[in-house]
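A.B. asks: Compute the structure for the input listed below.
(chains A and B)
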Number of protein chains: 2
Amino acid sequence: MKPIEIPIVEKSLLAIAKSRDMGTARDRLAAMKPQCGFGELGTCCRTCYMGPCRIDPFGDGPKEGICGLSADAMVARNLLRETVGGTASHVGHARHVLLTVRDALDGKAPYQIKGEAKALTLAKLFGVATEGRAAADVVRDLLNIALQDFGRQDEQPNNWVSKRAPAAEQELWKRLGLMYSNPHNEIEMAMHATSMGNDADPVSMLMRLLKVSLVDGWTGLTLTVDFQDILFGTPEVTVTEAAVGVLEKDSVNIAAHGHNPVLSEKILEWAGKLDAEAVAAGAERINVVGVCCTGNELSMRHGVKLAAHNSQTELILTTGAVDAMVVDIQCIWPQLAQVAKCFDTAFITTDDMVRIPDARHIGFHPEHADESAQEIIRAAIDSFKRRRGKPVDIPQHKTTAVAGLSVESIVDILSKVDAADPLKPVIDNVANGNIHGFAGVVGCSSIKFRDKAMTEEMVKALLKQNVLVVTTGCTAHICGQAGLLTGAATDLYCGDGLKAVLTALGNAAGLGGPLPPVWHMGACVDNSRIVDLLGAVAGRLGVKVGQLPAVGSAPELVQEKAISIGGSFLALGVSCHIAPAPRVLGGPLVTKILTEDLQGITGAIVHVELEAQKAADWMVAHIAEKRAGLGLK
Amino acid sequence: MKPIEIPIVEKSLLAIAKSRDMGTARDRLAAMKPQCGFGELGTCCRTCYMGPCRIDPFGDGPKEGICGLSADAMVARNLLRETVGGTASHVGHARHVLLTVRDALDGKAPYQIKGEAKALTLAKLFGVATEGRAAADVVRDLLNIALQDFGRQDEQPNNWVSKRAPAAEQELWKRLGLMYSNPHNEIEMAMHATSMGNDADPVSMLMRLLKVSLVDGWTGLTLTVDFQDILFGTPEVTVTEAAVGVLEKDSVNIAAHGHNPVLSEKILEWAGKLDAEAVAAGAERINVVGVCCTGNELSMRHGVKLAAHNSQTELILTTGAVDAMVVDIQCIWPQLAQVAKCFDTAFITTDDMVRIPDARHIGFHPEHADESAQEIIRAAIDSFKRRRGKPVDIPQHKTTAVAGLSVESIVDILSKVDAADPLKPVIDNVANGNIHGFAGVVGCSSIKFRDKAMTEEMVKALLKQNVLVVTTGCTAHICGQAGLLTGAATDLYCGDGLKAVLTALGNAAGLGGPLPPVWHMGACVDNSRIVDLLGAVAGRLGVKVGQLPAVGSAPELVQEKAISIGGSFLALGVSCHIAPAPRVLGGPLVTKILTEDLQGITGAIVHVELEAQKAADWMVAHIAEKRAGLGLK
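C.D. replies: Predicted coordinates:
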């Protein structure tokens, strides 16, 4: 077996940092070691001031907290709070998008409704009249349905779940007490339940974790994506490039980082309009590049180039070529402001909630979006003026990457093969075994796994075993940088069955070559697109989502959001591989429930595996079990 | 100086536990030592999976997290999440009460509106018509105003704050950006802001902490108490007893524990109705006693005897005389179920959210309140039957305690002295120095401070220096057990000025003796009554609340709720003593802001002091400064 090497992009960027004598997260991680074992095992509780309490599951010290809380309850409580952190983040994102749509409809914010098609599709689903009505009126009705969920105190099932989630799964959730009504009630109750002296039952807390995760899945993700598509349009297939080499020495490079396209769409719009100012300043042009999930949003809808995933954010600043990094929400390392200070880089925060010491703050609110976007771009041009002529160090790595694979665009492609029954070619090939199954490989990029190329090695191992991969988030960047988002990768990495299918489909769809073996479906919130895709396939087959030969993986987990997203897949019956282990290993019952017993509840389990090949092997085996369940060989 | 002794009640109860060879929280605390220094200093972060990160402010290890988060940002983030835990708890309590009132109005739940007077007072404030209208209609209008706040997405100031908070403070909060609209939005945003990669600015997070604390103060506390008074009536002065000696060997002892009177009011009602069944089982009667804040609620409205504060809850079970401990929400140690198992004690959980291994769960929902209450009481009678004749060990300590000092009942008493201007006698005596000032001594009982009688020693030191004390929560139990809630304590402990005033007022009010020097104003949520009292005095004087010669103290902090309550006092301009230190000492900037700079922002600071006399001395000195600010000697 050939030794796994550090990805070339990281290798180049780390060399630059070293040459400039700048520490990186890898150094900070090394300095932090040994990391706290109690924290890693989840048996650390500082919820009340009788504590802090710690339970060493291996030693002969205390086996319970001072209040009597068991190790299992402790780890479940901590994990539930992580889930709330993730869910609250996505629900906040959803609310921000909804209120931007409202402002747009009210003429208060300079955004146009570009996704009329999406609005019409949703209108049909929600029973909103469309005949002879202006799109704005249809959207307003949908908006009111969505906003109603935030105010309701009637315990009726949440509107969005009721209409958007598959019916069979809704029945399961009702039976398990997981169906929610008002998303905010669930966040409040989970924080209440996890405050000292409330829930002490690990099973009760794990069930609440699933419920809060459903809030994440349907209000945090699906609702957000639905209204982002209404506002900005549904992504269509596009070709872009990935990796740090997309920075341009002689252009004004603006790196848009974060998660919320409400900002970045305006940055992109005004970058076009103000290009002449950049040229006047001596630049070739304004080059907006995408970082993290804001990057994914831009690549999905506009083919904007992808400069860096999350764990590369500080590294691309060390090139000296980023004139402005403008950030919105989530996953923004405070370190970025410190690195930016060493260069002519304007590090610009924009959200009221995201304040970072030493950043420049240009408050961005939808109602003044145009003014703020211009101010930000001019700040970047000013930085370029200072930077111009100074040496920069841009590693010349970049790869081609296909993006924009929304469910709608996937169906479009497949319709060219079978217009009457677009999913049939895929389903037939699953049945005959050419496609072994599906894996959603999603989530973060972690410095704990980057240097052994965890994600790309695992994905390659999956492809070899004929598993079609869909991806979102920073994982999409990783796949892009590894060249996995192209038709060429199909030839390079896929097993014979999958290769044959993707080639036939690509040719039949008139693409003149194979489809990529890894489908870039968007940002982290776009995991709802994966759910929609699974729902469509399950619906077509008349089975439950959990019965499909499909599996999830977050191979480089970093964020609380990944926990809540993972929970929403578990609630749906889709098992998930994860690395590193969630912080529950100090609780044997919780560990057993998540890795075994949950199978009997939602039909899904968690599998922890830190090695890429072994993780892929488990996923392949798990898919095989699902195939067997469907009577497939 | 005579050495401080462990309070006699604890001494007796711990002796029983020892005689039975049962470990207690003190043993578990001892086993947990040394407690984690990173946790205590606040410089432990496990928000993301690059961590856990720890910063040792004294060593030469890492000075920032792997993401670059500073120690100050880390402690602020952790403290903000504690604040959310507290606020979410109280907001959940508020919502539960509101929905119970709605169910009562709809005829779905067997509760009568007993607080028409409160409803009329509030109706006037909120501009709700009352003339010729049924009380139920008035209450429904108020309810709708309250519920509107939970659904609004319009950024208008919260209805309840707008009408209930003093105007000058509202102006300050608007200026500082602390005014909130929808309480749930703030909980969601704070959880979002504290997830990895969002807010990294300690100042921004501390301001958000104050905002979330205002949510706690006005939605969590004031709104809850207003509707509890509407539903159950406003407390009137009553005399009761406190300490474990209120248990009765030959009665069916039911200890009601938790925080939400929606359950305990029904327990008390049905205890009366089912008394004959207890007698038939050989008991003298059913003896409902109050524990923790549910106890305070019952003592305030019904003079129910107070058996134990929070840190005594496991200890009173060791008497063997508690036939049922029935709990609702918050501060319920899971250990209680384990202790109960050793006796004929039914440990009964009732809330869906509070599940405890080895507890018996009798789900209590307002709509079936009567049935559940009967089931609970019959379970207690069954326990009694098993327990009858077996030896029990009830320490014969109990004290008289005056309770029920709502603002309304205080004004009633003072009206007997000066009907036209009830507050005048108090204000005159503050002006002339007989009353040095006011201290709100509130919060938890902590095993870390109990054995040196922190709270009662501090209160006695305050009284000696002519500071009138108001109290709530477990602190009220402590004061009760120490005999401080009686007129006799005025003679025993007060300085000459305060003694003279309380004696004159008591006599003038026709009580035939002095008023108590410590006023029991209720449960933790009833801290809003203290705010109302301060607001009334400030309004009468035409000054801001923060200008009053008043100070707060949580001398034995345990719960997250105490953090959010404390924050709401800081936002109001009332400085607070606290022990132990909040978990911020690892962040020098945050420590400085809370203990010094906040003075220039809201006019209040935090003071940490672990010794009773020194804490009292600081409070007296702080009041002296406030007096000087008002031109008083």
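
A.B. asks: list the contacts for the nearest residue to A:E456 once chain neighbours are set aside?
C.D. replies: Nearest non-adjacent residue to A:E456, counting by CB to CB, 6 or more residues apart in numbering or on different chains: A:A482, 3.9 Å away. The way it works is simple: take the backbone N, C-alpha and C, and place the C-beta from them, glycine included. Contact analysis of A:A482 by CB atoms under 8 Å, 6 or more residues apart in numbering or on different chains lists A:P7, A:T399, A:A453, A:E456, A:V459, A:K460.

A.B. asks: switch to 10 Å and redo it
C.D. replies: The contact partners of A:A482, by CB atoms under 10 Å, 6 or more residues apart in numbering or on different chains, come to A:7-9, A:242-243, A:399, A:401, A:453, A:455-457, A:459-460, A:489, A:493, A:518.

A.B. asks: Also A:L214?
C.D. replies: Contacts for A:L214 (CB under 10 Å, 6+ apart) come out as A:87, A:158, A:161, A:165, A:169, A:173, A:178-180, A:183, A:186, A:220, A:564, A:567-568, A:570-572.

A.B. asks: Now, those residues that are in helices?
C.D. replies: A:T87, A:V161, A:E169, A:W173, A:P183, A:E186, A:S564, A:G567, A:S568, A:L570, A:A571, A:L572 (DSSP state H).

A.B. asks: circling back: keep only those of the contacts of A:A482 that are in strands.
C.D. replies: A:A242, A:T399, A:A401, A:V518 (DSSP state E).

A.B. asks: what's around the first one, how many residues?
C.D. replies: Other residues within reach of A:A242, judged by other CB atoms under 10 Å in any protein chain shown, total 33.

A.B. asks: what's the pLDDT at it?
C.D. replies: pLDDT for A:A242: 98.

A.B. asks: same question, the third one
C.D. replies: As predicted, A:A401 sits at a pLDDT of 97.

A.B. asks: that older thread, now, among the contacts of A:A482, which is nearest to chain B?
C.D. replies: A:T455 (14.5 Å; CB to the nearest CB).

A.B. asks: which ones are touching the closest one?
C.D. replies: Per CB under 10 Å, 6+ apart, neighbours of A:T455: A:7, A:309, A:441-446, A:449, A:471, A:474-479, A:482, A:484, A:553-556, A:579, A:612, A:615.

A.B. asks: repeat that for 6 Å
C.D. replies: Each residue near A:T455 by CB atoms under 6 Å, 6 or more residues apart in numbering or on different chains is listed here: A:T475, A:I478, A:P555, A:E556.

A.B. asks: Closest one of the residues you listed to chain B?
C.D. replies: Nearest member of the contacts of A:T455 to chain B, counting by CB to the nearest CB, is A:E556, at 8.8 Å.

A.B. asks: contacting residues for the closest one?
C.D. replies: A:E556 touches A:C444, A:S445, A:S446, A:F449, A:M454, A:T455, counting by CB under 6 Å, 6+ apart.

A.B. asks: Just put those residues in TSV and tack on pLDDT and distance to A:R54.
C.D. replies: Supplementary listing: these in TSV, determined by pLDDT from 0 to 100; distance: CB to CB, whole Å:
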residue	pLDDT	distance to A:R54
A:C444	98	27
A:S445	98	30
A:S446	98	25
A:F449	98	27
A:M454	98	30
A:T455	98	33
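
A.B. asks: In those, find the pair that's most separated.
C.D. replies: A:C444 and A:M454 (11.0 Å; CB to CB).

A.B. asks: More neighbours: these two, which one.
C.D. replies: A:C444 (28 against 22).

A.B. asks: Spatially, which residue comes closest to the more buried one, not counting chain neighbours?
C.D. replies: Per CB to CB, 6+ apart, closest to A:C444 is A:V558, 3.7 Å.

A.B. asks: on that earlier part again, dihedrals phi and psi, the residue nearest to A:E456?
C.D. replies: Backbone geometry at A:A482, expressed as degrees, to the nearest 10, gives phi -90, psi 0.

A.B. asks: swap in A:A25?
C.D. replies: phi -60, psi -30.

A.B. asks: okay, now it: neighbour count?
C.D. replies: A count of nearby residues for A:A25, using other CB under 10 Å, gives 24.
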